[in-house]
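Enquirer: Next come a sequence and a model predicted from it.
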Amino acid sequence: MGKQISLRQSIILGLLGLTSFVGLWHGLAVSGMIPSVFLPSPIEVYDRFTTLLERRFAGATLPGHLAASFQRFAYGFLLAALIGIPLGLLMGWYQILDEIVSPLFDALRFIAPIAWVPFAALWFGTGIGGPIMIIFAGAFPPCVINAYRGAKFVDPRLIEAANMLGTPSHRVIREILLPASVPSIVSGLRVSAGLGWQSLVGAELIVASAGVGYMMVQGQANVSTTTVMAGMVAIGLVGLALDSALRLAERIIQRRRGLEN
Amino acid sequence: MGVIEFKSVDKIFGPRATGFRALEDINLEIRDREFVAIVGPSGCGKTTCLRMVAGFEDATAGVVSVDGTPIKRPGPDRAVVFQQFALFPWKSVYDNIDLGLRNLNVSRSERETRIAAILDLMNLTQYAKHFPHQLSGGMQQRVAIARAYVLDPDVLLMDEPFGALDAQTRVVMQEELVRLARKNPRTVLFITHAVEEAVYLADRVAIMTRAPGRIKEVLDIASIRNAENWDSYEKIEDVMDLESFVHLRTHIWRSLREEKAAQHV
């Protein structure tokens, strides 16, 4: 292992990476080797981004599109957590369910969410239902897997103690497996949110009538590559914010657990 | 009632022919409200004996029963106190003790009364709202004992309950356990490798051989305790100085040493 890197150094290094990337991009864009419609410069993208913040394009401003996207994301993500976490815990407790569901689940989860787009559109429409199904397809597996692992790796002595006290299954699941799995579940939610957000924007490229993905498709149709890139920047920033928030939650919970055990 | 019976019990971990032979032909009857300690060299299978009564392990051959009924699964009629406490870290002291009573569908008001009584008996009243990680090892084990005792079980199974505690705490806990056992006697199966502890606490001490564990000898302590009036001494160290105590302790020590010696041959 190399030397420890301090927080300040890590921020400086992160900024260094970012600025060299933007610098390289800018250099390439202004060099004239590539037509600007193929590769708009960072300044053009920035201008377009700030314009979109206030001016409507494809029916809404950028914040409007983001809000539409985020609402879909929230529904799909919530649905994935509400079904995935209980399913994972149940699989961790009832071996029979584990044996029935695991092979099916392990095959299904390798199908990229975007592959569900045609069926999502057919079954649930291009309004809110279809995109939710696609986010769900992306966000669901980590919820199940992490709740399952959490339940499976609970300290066996606690299970023995619960059994000795005559605890019925439903109570073991709610009062022993669930709290014991919280750190694992929260890590799962973080992965799940990332995958859900990724899948959403992919889905909106095809099925939505509002949202960042939709805005980007309209940008493409109008040969406005700056709009497409502004959309990409927005997606990246929201994803980063989402991940940071959940990472913080994860750290807080792990720190509290560290004291508890 | 709470009569524990081991009848010709064998335990093999793994396949019958090639697995690890942990216990061989264990025969032991523990009478109602009797306190029996099992001592033996480490790895002799003494904890396995307890785990079979608890319902955590099956016997490979023979029968383990309580009041004549063969044991099939764990249950609150056979409460266990674990060496590592096994308290639920996310439940308060009160809620840890409450869980078993809720499982028995005891009414809220009766639960409150019983928990208040056991908290008082174990000197835990002021810690009811604390979480296990906020308590010392000795306090945590008090909670675990309270969690078991509150169920009013026929049988109390204690698996080296004081093994993780420091020497001073251990002595206090031993004295408390005697106090508790006098006040509210239960059938107790107590596993330990500490010889003094076994002689001080138990009515009878069963000595086990090294693996495959067999019962080598069962010593009657109660008759000597009564004849020599050990209970008239308040402190454990006073009892430990008595000639009758020293004699029993030395006997068990020698017996265990033979097993240890044989292990290295």
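Expert: In hand now; what should we look at?

Enquirer: Need the three-state assignment for B:Asn123.
Expert: coil (DSSP: H, G, I helix; E, B strand; the rest coil).

Enquirer: Contacts only, for B:Val195.
Expert: With contacts defined as Cβ atoms under 8 Å, 6 or more residues apart in numbering or on different chains, the neighbours of B:Val195 are B:39, B:249, B:252-253, B:256. Heads up, the C-betas are built off the backbone N, CA and C, glycines and all.

Enquirer: and the helix or strand harbouring B:Leu180, what does it pack onto?
Expert: Assigned by DSSP states H and E, B:Leu180 belongs to helix B:167-183. Applying 3 or more Cβ pairs under 8 Å, 6 or more residues apart in numbering or on different chains; DSSP states H and E, one finds that helix B:167-183 contacts helix B:137-149, helix B:195-201, helix B:236-240.

Enquirer: Nearest to chain A among the contacts of B:Val195?
Expert: Comparing the contacts of B:Val195 against chain A with Cβ to the nearest Cβ places B:Val39 closest, at 22.7 Å.

Enquirer: which residues of chain B score low on pLDDT?
Expert: Applying pLDDT under 70 to chain B flags the ranges B:263-265.

Enquirer: what does it put close to chain A?
Expert: B:54-56, B:73-76, B:78-80, B:82, B:84, B:86-91, B:99-100, B:102-104, B:131-133, B:147, B:151 (Cβ under 8 Å from any Cβ of the partner chain).

Enquirer: which ones among these are found in strands?
Expert: B:78-80 (DSSP state E).

Enquirer: quick one: contacts for the nearest residue to B:Phe82 once chain neighbours are set aside?
Expert: Leaving aside its chain neighbours, B:Phe82 sits nearest to B:Asp159 (5.7 Å; criterion: Cβ to Cβ, 6 or more residues apart in numbering or on different chains). Counting by Cβ under 8 Å, 6+ apart, B:Asp159 touches B:47, B:50-51, B:80-83, B:191.

Enquirer: how far does the helix or strand A:Ser187 falls within sit from the chain's center?
Expert: In the assignment (DSSP H and E), A:Ser187 maps to helix A:178-207. Chain-centre distance of helix A:178-207: 4 Å, with Cα atoms, centre = their mean, to the nearest Å.

Enquirer: Follow the chain on from it and name the next helix or strand.
Expert: helix A:212-221.

Enquirer: And that following helix, what's buried?
Expert: A:212-219 (16 or more other Cβ atoms under 10 Å in any protein chain shown).

Enquirer: could you dump it to CSV, C-alpha only?
Expert: C-alpha atoms of helix A:212-221 as CSV (Å, rounded to 0.1, in the frame of the first residue of the first chain):
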residue,chain,number,x,y,z
VAL,A,212,-33.9,14.8,-19.0
GLY,A,213,-33.7,11.8,-21.3
TYR,A,214,-36.6,13.1,-23.3
MET,A,215,-35.0,16.5,-23.5
MET,A,216,-31.8,15.0,-24.8
VAL,A,217,-33.7,13.1,-27.5
GLN,A,218,-35.3,16.3,-28.6
GLY,A,219,-31.9,18.0,-28.6
GLN,A,220,-30.6,15.3,-30.9
ALA,A,221,-33.5,15.7,-33.2
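
Enquirer: what's in contact with it?
Expert: Under Cβ under 8 Å, 6+ apart, the answer for helix A:212-221 is A:52, A:57-58, A:60, A:62, A:65-66, A:69, A:200-206, A:208, A:225-228, A:230-232, A:234-235.

Enquirer: again, only using 7 Å
Expert: Here helix A:212-221 makes contact (Cβ atoms under 7 Å, 6 or more residues apart in numbering or on different chains) with A:57-58, A:65-66, A:69, A:201, A:203-205, A:208, A:227-228, A:231, A:234-235.

Enquirer: among those, which two are most distant?
Expert: By the measure Cβ to Cβ, A:Phe57 and A:Ala203 form the most distant pair in those, at 19.9 Å.

Enquirer: So for these two, which residue has more residues nearby?
Expert: A:Ala203 (30 against 20; other Cβ atoms under 10 Å in any protein chain shown).

Enquirer: Pull up the gap between the more buried one and A:Ile235, please.
Expert: Relative to A:Ile235, A:Ala203 is positioned 12 Å away (Cβ to Cβ, to the nearest Å).

Enquirer: next one: B:Ala262
Expert: Taking Cβ to Cβ, one finds B:Ala262 at 72 Å from A:Ile235.

Enquirer: May I see the contacts of B:Val195 organised as JSON lines, with neighbour count and secondary structure added?
Expert: JSON lines is the format used below for the contacts of B:Val195 (neighbours: other Cβ atoms under 10 Å in any protein chain shown; DSSP: H, G, I helix; E, B strand; the rest coil):
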{"residue": "B:Val39", "neighbour count": "25", "secondary structure": "strand"}
{"residue": "B:Arg249", "neighbour count": "16", "secondary structure": "helix"}
{"residue": "B:Ile252", "neighbour count": "20", "secondary structure": "helix"}
{"residue": "B:Trp253", "neighbour count": "13", "secondary structure": "helix"}
{"residue": "B:Leu256", "neighbour count": "21", "secondary structure": "helix"}
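
Enquirer: Turn these into a markdown table, columns for distance to A:Gly23.
Expert: Output for these, formatted as a markdown table (distance: Cβ to Cβ, whole Å):
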| residue | distance to A:Gly23 |
| --- | --- |
| B:Val39 | 75 |
| B:Arg249 | 81 |
| B:Ile252 | 80 |
| B:Trp253 | 79 |
| B:Leu256 | 77 |
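
Enquirer: From those, pick the one nearest A:Pro103.
Expert: Nearest member of the contacts of B:Val195 to A:Pro103, counting by Cβ to Cβ, is B:Val39, at 49.1 Å.

Enquirer: For beta bridges, what are the partners of the closest one?
Expert: B:Ile207 (DSSP bridges).

Enquirer: Now for it: which residues touch it?
Expert: B:192-193, B:195, B:198, B:205, B:207, B:252, B:256.

Enquirer: So for the one residue sitting closest to the centre of chain A, what's the pLDDT?
Expert: A centroid search over chain A (Cα atoms, centre = their mean) returns A:Gly194, at 2.0 Å, as the residue closest to the centre. For A:Gly194, the model assigns a pLDDT of 92.

Enquirer: what does the one 5 residues further on give?
Expert: As summarised for this prediction, A:Ser199 has a pLDDT of 88.

Enquirer: ok, back up a step: just the buried ones from the contacts of helix A:212-221?
Expert: A:57-58, A:65-66, A:69, A:201, A:203-205, A:208, A:227-228, A:231, A:234-235.

Enquirer: Report the lowest-confidence entry in those.
Expert: Within the buried ones among the contacts of helix A:212-221, pLDDT is lowest for A:Ala208, at 68.

Enquirer: and residue 64, how many neighbours does it have?
Expert: Assuming you mean chain A. 19.

Enquirer: that's the wrong chain, I wanted chain B
Expert: 23.
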